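>>> Predicted model, plus sequence, below.
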Amino acid sequence: MELAQERGARVFGVDFCAEMLREASRKPGLAGCVSLADACSVPVSDGAADLTLCSFAMGYFPSPHQAIAEMARVSGKGGRIVVSDLHPWALAAGWTRSFRSDGRIYEIDHHQHPIAAWEAAAESAGLALDWRLEGCFGEPEREIFRQAGKASLFAELSRVPALLAMSWTKS
């Protein structure tokens, strides 16, 4: 949101976790741009967005179909929908979904969706695939592992796809 706003976009973000919204509100310019809401029922009109971004949240939805259908609803014709999350293989390897706020670690119940479920949901919503990315940790992340006291795990974990991201266009 910050990057888009810096480039002149009007931004609006939703999350169902008040602690996550508190973190977002601490970023310059975002305090009035976020709202507590269910992303499967976004409080904006049909076709309002040129870009709809769902960052590391797909696993929090019981159904990728409902979530992606809602993203398609709020996106205008020719709009782009970009979704990212932990890769299903990372979850299968035991990785957890959590974030820190005010010194606490928050873990939220989540669902594991296979890649095929994302693809089927997008197809049902009438979206055309632009690209798909499956990324692993690399050298830029080595220092993060070292600082977390997990440098010994870097080689092993860098072989597991950590990120799944897909982009579609609404026709």
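Perfect, I can see it now. Numbers count the residues shown, from 1 in each chain.
>>> max-length strand in this protein?
When the chain is parsed with DSSP state E, its longest strand is strand 75-86.
>>> Any buried residues in the following helix or strand past that strand, and which?
The helix or strand immediately downstream of strand 75-86 is helix 88-92, counting by DSSP states H and E. Buried positions in helix 88-92, judged by neighbour count with 16 or more other Cβ atoms under 10 Å: 88, 90-91. To be clear about C-beta, it is placed using only N, CA and C from the backbone, and glycine gets the same treatment.
>>> Kindly report the same for stretch 123-136.
125, 127.
>>> what about the strands in this protein?
Going by DSSP E, the chain shows strands at 13-15, 34-36, 49-55, 75-86, 98-101, 104-107, 127-135, 163-170.
>>> Same list (these) but as CSV, adding distance to Lys27.
Formatted as CSV, the strands of the chain follow (distance: least, Cβ to Cβ, whole Å):
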stretch, distance to Lys27
strand 13-15, 10
strand 34-36, 9
strand 49-55, 14
strand 75-86, 18
strand 98-101, 13
strand 104-107, 18
strand 127-135, 24
strand 163-170, 21
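>>> so which of those is the most packed in?
strand 163-170 (a mean of 20; mean count of other Cβ atoms under 10 Å).
>>> How far does that strand sit from its chain's centre?
Relative to its parent chain, strand 163-170 has a centroid offset of 10 Å by Cα atoms, centre = their mean, to the nearest Å.
>>> what helices or strands is that strand leaning on?
Packed against strand 163-170 by the contact rule (3 or more Cβ pairs under 8 Å, 6 or more residues apart in numbering; DSSP states H and E) you find strand 75-86, helix 115-124, strand 127-135.
>>> Tabulate the ones you listed (JSON lines), appending distance to Leu3 and mean pLDDT.
Below are the helices and strands packed on strand 163-170 laid out as JSON lines (distance: least, Cβ to Cβ, whole Å; pLDDT from 0 to 100):
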{"stretch": "strand 75-86", "distance to Leu3": "12", "mean pLDDT": "94"}
{"stretch": "helix 115-124", "distance to Leu3": "23", "mean pLDDT": "97"}
{"stretch": "strand 127-135", "distance to Leu3": "17", "mean pLDDT": "97"}
